[in-house]
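Colleague: for reference, the sequence and a predicted model appear below.
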Amino acid sequence: MARRKVTVSRTGPKKKRSDVRNQHYVPRCLLNPFAKKGGGKKLQVHVFDKRTDRSFITATENIFAQRDFNTFEGADGTVLCLEDGMAAIEDIAAPVLRKLVEARSLAAISDEERMALIVFVALQKIRGVGLRAQFKAMTDQLRRRIQADGTDPNTIDQLREGTDEDLKLTSLQFLRENLAEFTQHYLDKALVLHAAPAGQEFVLGDAAVVWANKRDHSPYGNLGLGVVGIELYMPVSPDLAIAFWCPSIVDMVRRTRDGARDLIRKLSAVSLLGLGREADEARRNLPQVRAKFARAQADLDAIAASVPLQLNIDNMRYVNSLQIAESEQYIVSSNGDFSFVQEMIGENAAYRRGHQFRFA
């Protein structure tokens, strides 16, 4: 989406800015489970800066926040401030998040609390530094493309080079105008809990809600809230994350379970009744197929019981890799172990910044 120089219409009294000037884009209700009390009694977290390779410890009030991040003030003094509205959503969601972490079960929250959680996640997906970086990247790409065709992009209103304040206004207006619509998409998803394996922890990036899609939707992109196969993840503590899955993913797990069960029956019959190489091969393959069936059944049982799916090491690295790849700059952890972040950056320097959509 292109940045535009837009003025906020003044149909009434000036909107006041929030009394809070240090405004978080990842709220402290998400940060707190990753924090520990420091020497000064303030909650502190371990932080890794992807752009500088620097790690440090800081209070939760100092990270994932900028002065007036959610506040725009126009040249005429009109203010568009979403900080207090966002804080109201956070205040409702915070006890739900705490209850979820303590109970480790979706059955512990009511339908009303689930809705509060959904609105919070929908907000978190579109409120941060990543969205603004994507807006800027798309505008810059369009400007370069038009310039290459011999046209001055500054002659096009939507593509005129703007300031950081213009970018802020565009992102705040986008959030205000689209949050309700985007929230509806989460209602169609399967809400699933994920538990970290023993000795492993989730990291939390400055783009807390991340997404992926293993389906190929070429020539169109496969990332979008309404796209078949989409999966979204948000850590809520070092050892627990929530996911919003396209229902097709649950169906795929069910088909995997059913296919494995049918194959077990076939291989069991061949191993018992067959002779020679075919029977030997069936006996060799049976343990692997039984393990596949057990994993799929365990996942379906967990989803049905509203308790966490137990991730293995590979699954855990997958979820953490999304946090690392999509964060613009900062990663937070409870234990200060950023070895996987450094490994990913070492293999691909593009991970020093967040994911940016590119035009073909």
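Modeller: Received, thanks.
Colleague: show me where the stretch 251-360 of the chain has helices.
Modeller: With helices called from DSSP state H, counting those that start in this stretch, the stretch 251-360 of the chain shows them at 276-305, 313-326, 339-347.
Colleague: which strands or helices does the second one pack on?
Modeller: Which is helix 313-326. Helix 313-326 makes packing contacts with strand 204-205, strand 210-213, strand 230-237, helix 339-347 when contacts are defined by 3 or more CB pairs under 8 Å, 6 or more residues apart in numbering; DSSP states H and E. C-beta coordinates here come from the backbone N, C-alpha and C atoms, glycine included.
Colleague: reformat the ones you listed as JSON lines; add mean neighbour count.
Modeller: Putting the helices and strands packed on helix 313-326 into JSON lines (neighbours: other CB atoms under 10 Å) gives the following:
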{"stretch": "strand 204-205", "mean neighbour count": "28"}
{"stretch": "strand 210-213", "mean neighbour count": "20"}
{"stretch": "strand 230-237", "mean neighbour count": "23"}
{"stretch": "helix 339-347", "mean neighbour count": "15"}
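Colleague: just put these in TSV and tack on mean pLDDT and distance to Lys36.
Modeller: Rendered in TSV, the data for the helices and strands packed on helix 313-326 read as follows (pLDDT from 0 to 100; distance: least, CB to CB, whole Å):
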stretch	mean pLDDT	distance to Lys36
strand 204-205	98	14
strand 210-213	96	24
strand 230-237	98	13
helix 339-347	97	19
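Colleague: for Ile89, find the nearest of those.
Modeller: Among the helices and strands packed on helix 313-326, the nearest to Ile89 by CB to CB is strand 230-237 (14.4 Å).
Colleague: picking that back up, which among the helices of the stretch 251-360 of the chain is found nearest to Trp211?
Modeller: helix 313-326 (7.3 Å).
Colleague: what about that closest one, distance to the chain center?
Modeller: Helix 313-326 sits 11 Å away from the centroid of its parent chain (CA atoms, centre = their mean, to the nearest Å).
Colleague: buried sites along that helix?
Modeller: 316, 319-326 (16 or more other CB atoms under 10 Å).
Colleague: so where's the stretch 101-250 of the chain uncertain?
Modeller: Low-confidence regions of the stretch 101-250 of the chain, defined here as pLDDT under 70, cover residues 152-155, 157-159, 161-162.
Colleague: where do the helices sit along it?
Modeller: Applying DSSP H, counting those that start in this stretch to the stretch 101-250 of the chain gives helices spanning 111-125, 129-148, 164-187, 247-273.
Colleague: what's the first one packed up against?
Modeller: Okay, so that is helix 111-125. If contacts are counted by 3+ CB pairs under 8 Å, 6+ apart, helix 111-125 sits against helix 83-103, helix 164-187, strand 230-237, strand 240-245.
Colleague: which helices and strands sit right next to the third one?
Modeller: Think strand 230-237. helix 28-31, helix 83-103, helix 111-125, strand 210-213, strand 240-245, helix 313-326.
Colleague: give me the residues contacting the second one.
Modeller: Counting by CB atoms under 8 Å, 6 or more residues apart in numbering, helix 83-103 makes contact with 17-18, 20, 23, 27, 29-30, 33, 70-71, 106, 108-109, 113-114, 116-117, 119-120, 123, 127, 193, 236-237, 240, 242, all of which sit outside it.
Colleague: how about it: buried residues?
Modeller: Of the residues in helix 83-103, those with enough neighbours to count as buried (16+ other CB under 10 Å) are 83, 86-87, 89-90, 92-94, 96-97, 100.
Colleague: cool, thanks, signing off.
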